[in-house]
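>>> Need coordinates for the following:
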Amino acid sequence: LIDRTEFDIKGYRDDRGAVGGLPIVGEHLAMDIPSRLQLVKGTILVHPRSEVTAEQLKILEHQTEVRCPVANMMRASGCKFEVRWEASLPSEHVS
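Okay, here's the model as predicted:
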């Protein structure tokens, strides 16, 4: 079981997609640059209650990615992910 999970995640976008071409008039009504996030990167640190294997952590990562509606929506938009999953040692978690 998992005691808690910590996220150190940052999102990146090309601001020109959201605010480029201001004011929004004439030829600036439609932008060629998407306003979506282009990259999400960082680390997810899992604090387990007992030791987990690399295989168990990989299963957790996969199941979370396929079941998370937000991650699925972001991937469908073309956003790339560079997220590293890590597990602390059980003795490192705070009760």
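
>>> which strands and helices sit next to the longest helix along the chain?
Using DSSP state H to define each element, the chain has its longest helix at helix 54-67. With contacts taken as 3 or more CB pairs under 8 Å, 6 or more residues apart in numbering; DSSP states H and E, helix 54-67 sits against strand 39-48, helix 69-76, strand 80-87. For every residue, glycine as well, the C-beta is placed using N, CA and C.

>>> and these as CSV, adding distance to A54 and mean pLDDT?
Formatted as CSV, these follow (distance: least, CB to CB, whole Å; pLDDT from 0 to 100):
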stretch, distance to A54, mean pLDDT
strand 39-48, 12, 96
helix 69-76, 21, 94
strand 80-87, 8, 96
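
>>> just to revisit the earlier point, residues contacting the longest helix of the chain, please?
Helix 54-67 is contacted from outside by I2, I44, V46, V52, A71, N72, W85, E86, A87, using CB atoms under 8 Å, 6 or more residues apart in numbering.

>>> wait, what's in contact with the residue nearest to the spatial centre of the chain?
Most central in the chain under CA atoms, centre = their mean is V40, positioned 4.9 Å from the mean C-alpha point. Listed by CB under 8 Å, 6+ apart, the contact partners of V40 are I9, K10, G11, Y12, M74, C79, K80, F81, E82, V83.

>>> Report the beta-bridge partners for the third one.
As for beta bridges, G11 partners with V40 under DSSP bridges.

>>> Any stretches of this protein with poor pLDDT?
The chain contains residues with pLDDT under 70 at 20-31, 91-95.

>>> Please repeat the previous calculation with a cut-off of 50.
When residues are selected by pLDDT under 50, those of the chain lie in 93.

>>> circling back: list buried members of the contacts of V40 by neighbour count.
Buried by 16 or more other CB atoms under 10 Å: M74, C79, V83, out of those.
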